[in-house]
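Colleague: 3D, please:
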Amino acid sequence: MAAVAALLRVPMQIGAQLSRYSGTTMQFAHLLRIGLALSLLISATVGRTATFCVDSPTELTTAFNAAGSNNEDDVVRIKTGTYATSAGSNAFHYATNQSFAITVQGGWEAFLQFDCFRRIDDPTATILSGSNVRRALQMSGNPGTSGTMVIENLTLRDGHAVEHGGGLRQQGGGAGFTGNVRVERVYFRNNVSESLGGGASIASEGIVELRNNLFLGNHADSNHGAAVITALFASASSVRNFIGNNTVVANTCGVGGNCQTGGFLVFGTARASVYSNAFFANDGNDVQFGGASADLLFNNIHQFFGTPVNNIGNIDVADPLFANVLALDFRLRFESPLRNAGFPGTDPGEVDFAGAPRINDDRIDIGAFENSEVLFKNSFQTLQ
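Modeller: Alright, predicted model coming up:
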C-alpha cells in the first residue's frame, strides 16, 4: 500500500510543475502522456481491470474473445463508427464461463495521439450492425457465472435472428446466470427476430435494468416486437426487473397482421417495475406481463395485457408531442403532456438518451428524452 500511496502522490507533483511550462501543445501532450501512463499504472496496482480500445470489427471480436477468458473485469471501449461482419449468426459475440464484470461502451474518440481518450454521449455515433442477416450482438454468461454485464451508449441495428433477440440477445434464457445486467442509452433500430423479441432478449437471475433506451421499428415474427425482458428470482416479492424511461415507437410483431404485443414482454419469477416509459404507435399491446407480479407506474401507455399489482399515474396520450416524428426526433416539445409526468421515485441516471441532463425541472419526464427548455429560467425570459 505504501507503493500505491507513492504513486498517487506523483500526479500531484506533476501538476505542481505545470506553471513552469509555457503551455505549448507539445509540452501539454508530454504531460498528458505522463498522466495517462501513471493512471494506467495505478489502475493496474489497485485493481484488476482490462481495458480494450477498438476501432474495427476484427479488434472488437478479438477484445470479446480475450475478455471472456482473462480472469479480469473488462471494459471494451468502441470508437465511433459502424461495425459489421460478414459471417456467423452473430455479428459480435461475447461469451464467458467466468464471473467477472464486462462493460461495453460506444462513443469513444481519440484526442491528440491518444486512442479512446474521451467519450461523447451520443448512442447514434457507434453502430453495431447485423446487416439484416445476423444478430447484431450476443452476450453470454454460462450457468453458474455471475459477472455483471453493462451495455451502454451505442446503436444495435439491422439485426436478424432466427431465435430470440434480433438486435441483442443477452444470456439466451437466463437459466443459471446470476449476474446483474444493465442496458442503458442504447438505440435498438430495425431489428428482426423470427421468434420473440425483435429488438432485444434480456434475461438473468440477477437484477435486470433497462433504462433510457430508444426502441424504434423492431419486429418479431412471433410476438413482442421491441423486447423480451426476463428476471428470475426465488422471491416474487423482490423487485429485480427495472424497466424505466425508455421510448418505444412503431414496433411490430406477427406475420399477416397477427400481433399480440408489439412492445415489451415482461417475464419471470421476480417482481418487475415498469415506469416512465413512452409507448407510441406499437402494434397490439405496449406491454404484456407474464409470470411475475409487476408495478406499472407513470407511463404513457395505450394498452397492456395482464394485471399489474399497482397501476398508478399512467396516462394514454394519443399525441405525445414529439419534436418531429417524421424526422425520427423523439425529444419532447415543451408543451408535451409527457413533460414532468414521470415516476418520481426512481434514479433516472445522470443524462438522458441524447446526453442531456436528467430532471430539467422539478420532476423527470416520461420517455428516454428529457426536455431541456426552461420557462422563466432567470426571472422572466422567453423559451430557450
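
Colleague: all helices for this structure, in order.
Modeller: 2-16, 25-46, 57-67 (DSSP state H).

Colleague: Lowest average pLDDT across those helices?
Modeller: Mean pLDDT is lowest for helix 2-16 among the helices of the chain, at a mean of 38.

Colleague: Distance of residue 371 relative to residue 244?
Modeller: From residue 371 over to residue 244 the distance is 17 Å, taken as Cβ to Cβ, to the nearest Å. All C-beta atoms are positioned from the backbone trio N, CA, C, and that covers glycine.

Colleague: Compare the two and say which is more crowded by neighbours.
Modeller: For residue 371 versus residue 244, neighbours defined as other Cβ atoms under 10 Å are more numerous around residue 244 (26 against 22).

Colleague: Tell me the confidence at that one?
Modeller: Residue 244 carries a pLDDT score of 97 in this model.

Colleague: Apart from its chain neighbours, what residue comes closest to it?
Modeller: Spatial nearest neighbour of residue 244, excluding adjacent residues (Cβ to Cβ, 6 or more residues apart in numbering): residue 275 at 4.5 Å.

Colleague: ok, that neighbour - contacts?
Modeller: Shown in contact with residue 275 (Cβ atoms under 8 Å, 6 or more residues apart in numbering): 242-245, 295-299, 342-343, 346.

Colleague: at 7 Å what do you get?
Modeller: 244, 297-299, 343, 346 (Cβ atoms under 7 Å, 6 or more residues apart in numbering).

Colleague: Sort out for me which of those are in strands.
Modeller: 244, 297 (DSSP state E).

Colleague: Can I get the buried part of the contacts of residue 275 as one ChimeraX selection?
Modeller: Restricted to buried positions by 16 or more other Cβ atoms under 10 Å, the ChimeraX selection for those reads:
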select :244,297,298,299,343,346
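
Colleague: so who does the residue nearest to residue 124 when sequence neighbours are not counted touch?
Modeller: Leaving out its chain neighbours, the residue that sits closest to residue 124 by Cβ to Cβ, 6+ apart is residue 155, at 5.6 Å. Neighbouring residues of residue 155 by Cβ under 7 Å, 6+ apart: 123-124, 126-127, 187, 189.

Colleague: And residue 195, by the same measure?
Modeller: Applying Cβ under 7 Å, 6+ apart, the residues near residue 195 are 162-164, 220-222.

Colleague: Could you export the residues you listed as CSV, including distance to residue 321?
Modeller: Output for the contacts of residue 195, formatted as CSV (distance: Cβ to Cβ, whole Å):
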residue, distance to residue 321
162, 39
163, 38
164, 34
220, 28
221, 33
222, 33
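
Colleague: ok, of these, which one's closest to residue 283?
Modeller: residue 220 (9.9 Å; Cβ to Cβ).

Colleague: Can you check the pLDDT for that closest one?
Modeller: Model confidence at residue 220, given as pLDDT, is 97.

Colleague: Might you list the low-confidence residue ranges for the stretch 251-384 of the chain?
Modeller: Low-confidence segments of the stretch 251-384 of the chain (pLDDT under 70): 257, 374-384.

Colleague: Tell me where it has strands.
Modeller: 252-253, 261-268, 271-275, 278-280, 285-291, 294-297, 304-305, 310-312, 322-324, 329-332 (DSSP state E, counting those that start in this stretch).

Colleague: Out of those, which gets nearest to residue 141?
Modeller: Nearest of the strands of the stretch 251-384 of the chain to residue 141, taken as Cβ to Cβ: strand 261-268 at 16.3 Å.

Colleague: Show me what the closest one is packed up against.
Modeller: Packing contacts for strand 261-268, counted by 3 or more Cβ pairs under 7 Å, 6 or more residues apart in numbering; DSSP states H and E, involve strand 227-231, strand 239-244, strand 252-253, strand 285-291.

Colleague: what does that strand rub up against?
Modeller: 223-232, 241, 243, 248, 251-253, 272, 274, 279, 282-292, 294, 305.

Colleague: hmm, 6 Å instead?
Modeller: 223-232, 248, 251-253, 272, 279, 282-292, 294 (Cβ atoms under 6 Å, 6 or more residues apart in numbering).

Colleague: likewise stretch 356-368?
Modeller: The contact list for stretch 356-368 (Cβ under 6 Å, 6+ apart) reads 212, 214, 245-247, 276, 278, 300, 332, 338-342, 344, 348-349, 352-353, 370-372.

Colleague: CA atoms only: put it into PDB for me.
Modeller: Presented in PDB, the C-alpha positions along stretch 356-368 are these (Å, rounded to 0.1, in the frame of the first residue of the first chain):
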ATOM      1  CA  ALA A 356     -28.800  16.000 -21.800                       C
ATOM      2  CA  PRO A 357     -29.100  16.300 -18.000                       C
ATOM      3  CA  ARG A 358     -31.900  14.400 -16.400                       C
ATOM      4  CA  ILE A 359     -34.600  16.200 -14.400                       C
ATOM      5  CA  ASN A 360     -34.600  19.600 -16.100                       C
ATOM      6  CA  ASP A 361     -37.400  20.900 -13.900                       C
ATOM      7  CA  ASP A 362     -38.600  19.500 -10.600                       C
ATOM      8  CA  ARG A 363     -39.600  16.100 -12.000                       C
ATOM      9  CA  ILE A 364     -38.500  13.600 -14.600                       C
ATOM     10  CA  ASP A 365     -40.100  13.400 -18.000                       C
ATOM     11  CA  ILE A 366     -41.700  10.300 -19.400                       C
ATOM     12  CA  GLY A 367     -39.500   8.500 -22.000                       C
ATOM     13  CA  ALA A 368     -35.800   8.400 -22.900                       C
END
